[in-house]
Each structure stands twice: as structure tokens, then as C-alpha cells.
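Predicted model, plus sequence, below.
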Amino acid sequence: MFTGLIETIGRIERLDVTGTGCVLEVATALSASLAPGDSVAVSGVCLTVTGTDADRFRADLSRETRAATSLGAAAPGRLVNLERPLRADARLGGHFVLGHVDATGRITEVRGDAGAHWITVETPAALDPYFIPKGSVAIDGISLTIASLTSGRIGVQIIPFTMAHTSLSEARVGDLVNLEADVLGKYVARLLDGRFRDTVVSDLARVGS
């Protein structure tokens, strides 16, 4: 589990396609604190470290991960956000992020806004039920607040610190980004789905009786 508070950034050094997926190599000073078997979120995608050197680490990407996230279309030189898992005794400063990407979206606007930046992302319609105004969303692993919301589109305002210390510093219109909706919202939406509503209401009534 992660918080969406990015620890540092890295750059993709290699992306070697194999028979079952591909091997990702990321250059970063964070590699000194990683070991094989550790989890690390790479632009919002929870990966397992398979090897490290002094200034880089490696992880395997399955075919599903390549197909479902922006990492499948990434190229060497791309900036990525990095975060190690949340420790049990640590403060939760962002929101609960699992590193399980729901879908990818595409940036449609990047503009300055009173010293900050405004970024608009086109999102799949299937994610609409999980977004609410002022709710949380992870974009490329960054915990952000939804500032504007329409069907198939969300807008977020990025403060200068976040812009300078994450991969958003290189964000461009047309870029693909990883999206993870708030897990609490996903559970609520699932429970309130028509197929389960009667069962949930019945169970709550039984508990209250």
C-alpha cells in the first residue's frame, strides 16, 4: 500500500521486451535503499524489484501490466514517479493507493493558473462512478484532489512544489497517464450496485434488528 506522496523521481534506462513481458530498468538514487523482492510504485504501478545496482533497479512487467498501464508504451528517458510502500508507523499524508492501475487516461490540457498549473485528463467512462468533486485520485501515482469533474474528464490543480518534484514537470498534451480511483469509493460503488443493493440493505437491517 502507498500514499501517493512521491519520494523521488527516476528515469527509464531500458525497457527490454521478453517472451513473457519485459524488463524495466530505472535510474534513481532510491535504488540504494531497495533490494530484490521489495515493492516499489513506478508512476503508480506496484512492481517487484528483481535486481539493483548502485544507481538503478530492475523490475519485470507482465503482458497485462504492459497492456493496462502507461509503462507498456514508455520509452527510455521517460521520467517516472517513485514511492516505497507505506510503513505501519508512518503518517498517511495522501490517501490509500494500492498501485493497482484502473485504467489509463490522456492529458488534454496543461496550462498555468495563478502560479500553479491546471491539468485536464480525459478518462474512460467506466471510471465516472468512482470520481467525485474534491475526491482523491492517483495520477501516475500522485495523490491529487479532483478540482473539476465532467463525464469522461477530470481536472486537477498542481502546486509548484508538486510540479517541480514529480514527472508532471515534463507533462505534455497527449501524454498517457495511469489512473487509480480511490479504493474506498470503489467499494462503496460496488456495494451500491443494483446487483448487490438488496443484499446489502437486507444484511444491514438484520444487523440492526
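Yes, it's here.

Mind splitting the protein into its structural domains?
8-83, 103-190 (automatic domain parsing).

Tabulate the ones you listed (CSV), appending mean neighbour count.
From N, CA and C alone the C-beta is placed, and that goes for glycine too. Listed next are those as CSV, based on neighbours: other Cβ atoms under 10 Å:
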stretch, mean neighbour count
domain 8-83, 18
domain 103-190, 17
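
Which among these is found nearest to residue 93?
Proximity to residue 93, assessed across these by Cβ to Cβ, is greatest for domain 103-190 (8.0 Å).

and the closest one, how far out from the chain's middle?
10 Å (Cα atoms, centre = their mean, to the nearest Å).

Now that domain: average pLDDT?
If you average the pLDDT over domain 103-190, you get 95.

returning to what we had before: could I get the domains of the chain in CSV, plus columns for distance to residue 92?
Output for those, formatted as CSV (distance: least, Cβ to Cβ, whole Å):
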stretch, distance to residue 92
domain 8-83, 13
domain 103-190, 10
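
Quick one: list the elements packing against the host helix or strand of residue 188.
Here residue 188, judged by DSSP states H and E, is contained in helix 183-191. Where contact means 3 or more Cβ pairs under 8 Å, 6 or more residues apart in numbering; DSSP states H and E, helix 183-191 is packed against helix 194-208.

the helices in the chain, which residues?
Under the criterion DSSP state H, the chain contains helices at 63-68, 160-165, 183-191, 194-208.

My understanding was that residue 82 contacts residue 6; is that so?
Yes. Residue 82 lies in contact with residue 6 (Cβ atoms under 8 Å); the separation is 6.8 Å.

what mean pLDDT does stretch 74-83 have?
96.

How about residues contacting it?
2-15, 24, 26, 28, 30, 40-44, 140-142, 166-167, 169-170 (Cβ atoms under 8 Å, 6 or more residues apart in numbering).
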